[in-house]
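**Q** just coords:
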């Protein structure tokens, strides 16, 4: 039998059902792996006791014939942006020092109700602001994939800890959140599958907010099927989130028919950017061919406002963040650094509690909303955002899904792009447009670059049509036959 | 009625606009399920949302929407079928989110009207610019500890309606009439209890002055901390005088926020320039635009109670009451209900006189509201029954009422116990009349020689002889007949 940590969620589920192993054994193996790979710094908080307790409960349920859901006994990691009852929740920030929520986020609660077993809370860029997982107060996350001469690479971000945990076989799946690419880009960097659902598909209740109109939780897994299973457990309407969509949750796994004959796949010409790395371009062409071989119809489309997406995103997301992060003021929870006056306390607490990137975005956000600049920045950005959405809806008149690269490069070394925020922001150039439009997107590992590092392609779908992108992603995954694993062992 | 302040350089008029914050009557808060009751132990009505815990999200309370729409309709205002919540950003220790959810750009209620009932019985229309919903902040307590401030979040997140008037008010009297009328309307509607002393209705007063005849508005000051109708009226007078003095000393009034100090009788500047706030309003991305259907609004409209203005018109039209009396009776719903109970089956004017005259005097003397009146509407009505069927005379009725107030007994019981029943028995009255005539030959002589004024003296004598119980018209008639 292969190692339990190499299983997919689907195969682990089958093994548990068949009685090949218990949930406790599965959890124990993952706890060992988690402890053995602390060098990756994938977890901020490990919760082995909780994992074993819940695994035991799962086994009891299974013995008595009442498994609780689609993920009963499956060990997963939870991004430390999800509030978890009784377990330290940090958002990767100093300012939430010692914060133990007395409540559980809807998504992590849904997973728990589906029987999933939480191994721990994964590292992330501070408040999910970053594309390399180098802004966390709890240190950088190391990508399990190594660069030339064994150089340490970033896992992407902001869900870098979740991506590293899944790629490094420390968890069968993990929750991520995606605001501008924070699930899809790290998935591409770590050779995993990352799905950002349609905005409104998963509840944001209990998820530490970065940019409310963009934040969306999604699964990070090692297969498309696993993403379908896990999304089914996470999703659902939640009356506690006014932006959660009152739509039914379909059986996503059932959508994986393997058949994309006649599927119309759009190739947006604006994603073919100047100076694009040949290996990315090459991978994209291969992906197009795979779709074609599967019987899909390839159609060239135009999303004319693509070039405005990144600047638009970097107005709207910081604007919302500047208000969302105002609550971290040292008054009620987390870090407090005293001062001579209330204003001093605010300045001291927020000055020490927030890292540079967070401070940069809060300042940008306050600036674009300030009197005299609001119309020129925020209001205009909202208008452009609408145009970007319209681009997608127009494209969907002639195609079912869009196929694009996920990221403009493979994982880079820790230290690169650190001093250049703009270069860092460009990481999200292919993922941000779908975020602004609220469209679902999935990254599928499709190939390796010249250095043997994974690269992903992204499928973007219609609102609340995750089924179609999962179906296409499943075909792409099979065609690509991506079997490489970090460290080189197959 | 014009309110003109004479200055050294000429006559000035005052221009006033009011922003009233009315706490919405609702069991739970605007965006959370916590209770809203007043006077609870600090920090006992605080949900995760109210405390702005990480990841918490607001969910609009539908009852508060209904209350805001109801209030808008009561102000005869247009209801905006689409409105949007915005975040108003500022830091303060009693504002946990670091922003207040409000409605800047698209309020739920647009232009409306409030009709002022002035002292002289005339009325005047004042424009309402808008009504929007917003969250209240918590409370900071600076007097509990020498070094620290304490925070109570019970009020945090409670729903408010901010009702903004046009600058249509011109005098302290207008301000008083506007606040009283607004309070009356929201109380009728059951959308706000209007208790300014408990802070459930608060107001900011925008004051500017200008020379009589000027049409442009000058710079205004926003006066805060005005927590009673009387203080609002005082604040206007004091602030207007201050501004006139500034102008007449050659200065300029700056647009600013000022604090009213009722003890010192002054207003003083509240915020320095370096704290000038930029609230960085933007639509709250946690909430979708609020969309209402016309049907929803129409349903609320159909269920509106009769409001003070309509009631006043009815009292004047159907009951023939004067504008002043009608205005006094409808101002409080409790009073109007009391009056209507008393008026039922009686002459409405008589009922109005009893309520406004005799009853109000007692309430004032005892400093109680009509809800705690020592004489219930039913009891007063029964007293009027005794008047109506001539069981007692009006004079005796006043005495009976006084006893009712003091002893809490029913009128009929008092009349019975004290034997106050009017004498309508012709024989008994005739005996008394004959007795008086027989005992007063001198006066009879005077009367017969043409001094008819003395008739009153005879009546008095007969009443005295009957302890005031003889029916006065019968006594009159009989004396007239016998002295012929």
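**A** That came through, no problem. Nothing here was measured: the structure is a model prediction, and the numbers come from that model. Numbering: from 1, shown residues only, chains lettered A, B, ... in the order given.
**Q** tell me the contacts of the residue in chain B that chain A sits nearest to?
**A** In chain B, the residue that lies nearest chain A is residue B:98 (2.3 Å; CB to the nearest CB). All C-beta spots, glycine's among them, are computed from the backbone N, C-alpha and C. Residue B:98 sits next to A:323, A:325, A:326, A:327, A:329, B:52, B:89, B:90, B:91 when contact means CB atoms under 8 Å, 6 or more residues apart in numbering or on different chains.
**Q** repeat that with 10 Å
**A** A:322-329, A:331, A:346, B:52, B:87, B:89-92 (CB atoms under 10 Å, 6 or more residues apart in numbering or on different chains).
**Q** what's the answer for residue B:266, then?
**A** Neighbours of residue B:266 in contact, by CB under 10 Å, 6+ apart: B:235, B:238, B:239, B:242, B:258, B:259, B:260.
**Q** Which residue is the nearest non-sequential neighbour of the fifth one?
**A** If the residues on either side of it in the chain are set aside, residue B:258 comes closest to residue B:267, at 4.2 Å by CB to CB, 6 or more residues apart in numbering or on different chains.
**Q** Wasn't the one you found part of a helix?
**A** No. Counting by DSSP: H, G, I helix; E, B strand; the rest coil, residue B:267 is not part of a helix but strand.
**Q** since we're on it, how many residues are nearby?
**A** 24 (other CB atoms under 10 Å in any protein chain shown).
**Q** Tell me how far it lies from residue B:169.
**A** 17 Å (CB to CB, to the nearest Å).
**Q** picking up where we left off before, spit out the contact partners of the closest residue to the residue of chain B closest to chain A other than its chain neighbours.
**A** Setting aside the residues directly before and after it, residue B:98 is nearest to residue A:326 in space (CB to CB, 6+ apart), at 2.3 Å. Contacts for residue A:326 were tallied using CB under 10 Å, 6+ apart; they are A:346, A:350, A:362, A:366, B:52, B:87, B:89-91, B:95-99.
**Q** which SS state does residue A:326 fall under?
**A** With three-state DSSP as the basis, residue A:326 sits in helix.
**Q** Return the per-residue confidence for it.
**A** Note for residue A:326: predicted pLDDT of 98.
**Q** Check the one 10 residues further on too.
**A** For residue A:336, the pLDDT comes out at 97.
**Q** Spell out the residue ranges of the strands in the stretch 251-400 of chain B.
**A** B:256-261, B:266-269, B:282-283, B:290-291 (DSSP state E, counting those that start in this stretch).
**Q** ok, the closest residue to residue B:350 other than its chain neighbours to residue B:414 distance?
**A** Spatially, and ignoring its direct neighbours in sequence, residue B:350 is nearest to residue B:384 (6.8 Å; CB to CB, 6+ apart). Relative to residue B:414, residue B:384 is positioned 14 Å away (CB to CB).
**Q** Do a quick rundown of the helices in the stretch 301-450 of chain A.
**A** A:309-324, A:342-353, A:356-369, A:380-395, A:421-425, A:432-437 (DSSP state H, counting those that start in this stretch).
**Q** elements contacting the fourth one?
**A** Using 3 or more CB pairs under 10 Å, 6 or more residues apart in numbering or on different chains; DSSP states H and E as the contact definition, the elements that helix A:380-395 packs against are strand A:264-268, strand A:297-301, helix A:309-324, strand A:401-405, helix A:432-437, strand A:454-461.
**Q** The first one packs against which elements?
**A** Read it as strand A:264-268. helix A:278-293, strand A:297-301, helix A:380-395, strand A:401-405, strand A:454-461.
**Q** I'd like the next helix or strand past the last one.
**A** Just to be clear, that refers to strand A:454-461. Sequence-wise, the next helix or strand downstream of strand A:454-461 (DSSP states H and E) is helix A:466-480.
**Q** relative to strand A:401-405, how tilted is that following helix?
**A** 50 degrees (axes from the mean of the first three to the mean of the last three CA atoms, to 10 degrees).
**Q** what's helix A:466-480 packed up against?
**A** Packed next to helix A:466-480, using 3+ CB pairs under 10 Å, 6+ apart, are strand A:193-196, helix A:224-234, helix A:278-293, strand A:401-405, strand A:441-448, strand A:454-461.
**Q** remind me, longest helix of chain B?
**A** With secondary structure taken from DSSP state H, chain B has its longest helix at helix B:229-248.
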